[in-house]
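> My questions are about this predicted structure, shown below with the sequence.
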Amino acid sequence: MIKHIISHIFRSIFKDAQSVDSSNTPVSSNRPKNRNSTTYNLLPTKKVLTHASPRLRRIKLASPAFTIVELLVVIVVIGVLAAITIVSYTGISQKATVASFQSDLNNASRLLKMDQVINGGYPASTSQLNNNKGLVASNGATFASYEYNNTVIPQTFCLTLKKDTTYYRITNDSIPTSGACMGLYATGGTITDSGGYRINTFTTSGTFTVNSGISNVEVLVVAGGGGGAAMTGGGGGAGGVLYNATHAVSTQSYVVTVGAGGAGQIGASNPGYGSDGQNSVFDNLTAIGGGGGATNAGNGRLGGSGGGSGHSNTTGGAGTAGQGYSGSGGATGVPNYGAGGGGGAGAVGGVPTNTNGGNGGIGVSYSISGSSAYYAGGGGGGTYLGGTPGNGGLGGGGNSPAGNATANTGGGGGGQINNGSNAGAGGSGIVIVRYLLP
């Protein structure tokens, strides 16, 4: 269609030009044949213009040109062709880059495996390969990271090749694959990828080391939960919770502390308490361990979230502002056999009734791990024989009687009924660090 439009434009121009040429031909001449004659009748040009066609007059008044519509059509056609050319070039260039990456990584893998066979392990540095010439990448790419482990069977390595924002890696048992090795940006904890994020999960204490490429991380810090109390005891308070969506980091190592859960009260001492949970720490973020629950004659202990108290008009422990809520006090009526639920990170501990223990306070939900999960629910409160014990709060809180909280949730332990047995332990904490892959 575009071809026909352009052809039509040029045919129109040539036709008008021919009309001008033919119209300028004299219609008559009275010039004498005798060369000696000095009398001539000149061509009446005014008459020619008078009798010229309207089309000819328009052409004489203005030079032939494209219309606005025709120019716009030509511009659009040029733009479309340019876009097609750019897209095609980009696709070809990207394919060439990938092919180059695959070739470089396959060659590097062969050198690494040869060195492993000769020396009984992968080298500490790639500079030792190829007769100490190291690895050479093509087309402006660079080897961004090299990781190895000679202490496992089979021995392993991972090598990352980078150009601009394109990363490819190869391991001892894989072909070249898009993406970087796990340790390129940061190491520490258990490393997983989900939805464009890299996630470092610490269920025990360790070190988070930033190597390159990241300046802000998302952090969740959950402390250990408090233990429940025996002898109609209150539920343990949940560990404190801190969350920061944009925590600044730099190229260095950060000590990560994951707090243990507090032990449940042992035996039938009265008054007595469950042990407090321990703090969890990442950089300058310190989540406070949950408070232990108390027996029937004591007040709950304070903490990230406060422990529930025993029965008999007692008071629940206070929570830490911005990290958790208070535990509940004991029953105040007659009979006053219900013990208070431990506080959770999302709500205060449940208030007991005259004969039933209070439920643990609910925890809080985050999706930093790649899926939504609750953390730091309070422990359920105990009761006297014959009553209904309280349930643990959503987020790992232990049920009464004597239910242990779920590990790595920071939940509080469940209180015990009045039977002289041990109470439930609080759950250990957790630290999760997440960042977008560059």
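Cool, got the structure.
> What's the local residue count around the spatially closest residue to Gly304 that is not a sequence neighbour?
Closest residue to Gly304 apart from its sequence neighbours, by CB to CB, 6 or more residues apart in numbering: Gly240 at 2.3 Å. Yep, even glycine has a C-beta here, placed from its N, CA and C like the rest. Here the number of neighbours of Gly240 (other CB atoms under 10 Å) works out to 33.
> Could you report the pLDDT at Gly240?
Gly240 is assigned 98 on the pLDDT scale.
> ok, now how distant is it from Ser174?
Gly240 is 42 Å from Ser174, where distance means CB to CB, to the nearest Å.
> Starting from the host helix or strand of Arg434, tell me which strands it pairs with and how they run.
Per DSSP states H and E, Arg434 falls inside strand 430-436. Next to strand 430-436 in the sheet, as set by DSSP bridges, lie strand 197-202 (antiparallel), strand 216-222 (antiparallel).
> Give me the residues contacting it.
185-186, 188-189, 196-203, 208, 214, 216-222, 256-258, 280, 282, 368-369, 375, 408-410 (CB atoms under 8 Å, 6 or more residues apart in numbering).
> Output that strand as CSV, nothing but the C-alphas.
Once non-C-alpha atoms are left out, strand 430-436 reads as follows in CSV (Å, rounded to 0.1, in the frame of the first residue of the first chain):
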residue,chain,number,x,y,z
ILE,A,430,14.8,-16.1,63.0
VAL,A,431,16.5,-13.4,60.9
ILE,A,432,15.6,-13.1,57.2
VAL,A,433,17.4,-10.7,54.8
ARG,A,434,16.0,-10.2,51.3
TYR,A,435,17.1,-8.0,48.3
LEU,A,436,16.2,-7.6,44.7
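> Can you mark which positions in stretch 153-171 are buried?
Across stretch 153-171, burial judged by 16 or more other CB atoms under 10 Å covers 157-163, 167-171.
> tell me which of those is nearest to Gly235?
Taking CB to CB as the measure, Gly235 sits nearest to Cys158 out of those, at 45.7 Å.
> Regarding the closest one, what is its secondary structure?
Cys158 carries the three-state label strand when classified by DSSP: H, G, I helix; E, B strand; the rest coil.
> How about the one 10 residues further on?
At Tyr168, secondary structure determined by three-state DSSP is strand.
> quick one: it and Phe101 touch, right?
Yes - when contacts are counted by CB atoms under 8 Å, Tyr168 is listed as touching Phe101 (4.2 Å).
> need the contact list for Gly290.
So Gly290 contacts 223-226, 236-240, 262, 276-277, 303-307, 324, 342-343, 376, 378, 410, 412, 426 (CB under 8 Å, 6+ apart).
> rerun at 7 Å
223-226, 236-239, 262, 276-277, 303-305, 342, 410, 412, 426 (CB atoms under 7 Å, 6 or more residues apart in numbering).
> Which members of the residues you listed are positioned in strands?
Among these, no residue falls in strands (DSSP state E).
> For beta bridges, what are the partners of Asn216?
Assessed by DSSP bridges, Asn216 has beta-bridge partners Ala248.
> Hmm, Ala248 and it touching each other?
Yes - here Asn216 reaches Ala248: they are 5.8 Å apart, a contact under CB atoms under 7 Å.
> Tell me which of the two has more neighbours.
Asn216 (13 against 9).
> dump the residue contacts of the more buried one.
Listed by CB under 7 Å, 6+ apart, the contact partners of Asn216 are 246-249.
> coming back round to it: same list, the strands paired with strand 430-436, but as TSV with mean pLDDT please.
Shown next, in TSV, are those (pLDDT from 0 to 100):
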stretch	mean pLDDT
strand 197-202	96
strand 216-222	98
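> tell me the mean pLDDT over the helix or strand containing Tyr374?
Using DSSP H and E, Tyr374 maps to strand 373-375. Averaged across strand 373-375, the pLDDT comes to 98.
> Run the chain-centre distance for it.
Relative to its parent chain, strand 373-375 has a centroid offset of 18 Å by CA atoms, centre = their mean, to the nearest Å.
> who touches it?
222, 241, 345, 363-366, 394-396, 409-410.
> Now do the helices in this structure.
2-23, 45-51, 54-61, 68-119, 129-132 (DSSP state H).
> Give the buried residues for the shortest one.
Neighbour-count burial for helix 129-132 flags Leu129 (criterion: 16+ other CB under 10 Å).
> other SSEs contacting that helix?
Packing contacts for helix 129-132, counted by 3 or more CB pairs under 7 Å, 6 or more residues apart in numbering; DSSP states H and E, involve helix 68-119.
> Quick check: buried residues in stretch 115-122?
115-116, 122.
> Quick one: residues in contact with it.
Residues contacting stretch 115-122 (CB under 7 Å, 6+ apart): 112, 123, 129, 148, 150, 155, 157.
> burial of the residue lying closest to the last one once chain neighbours are set aside, as a residue count?
Yep, that's Phe157 we're talking about. Closest residue in space to Phe157, ignoring its immediate chain neighbours: Tyr148 at 4.3 Å, by CB to CB, 6+ apart. Neighbourhood size, Tyr148 [other CB under 10 Å]: 19.
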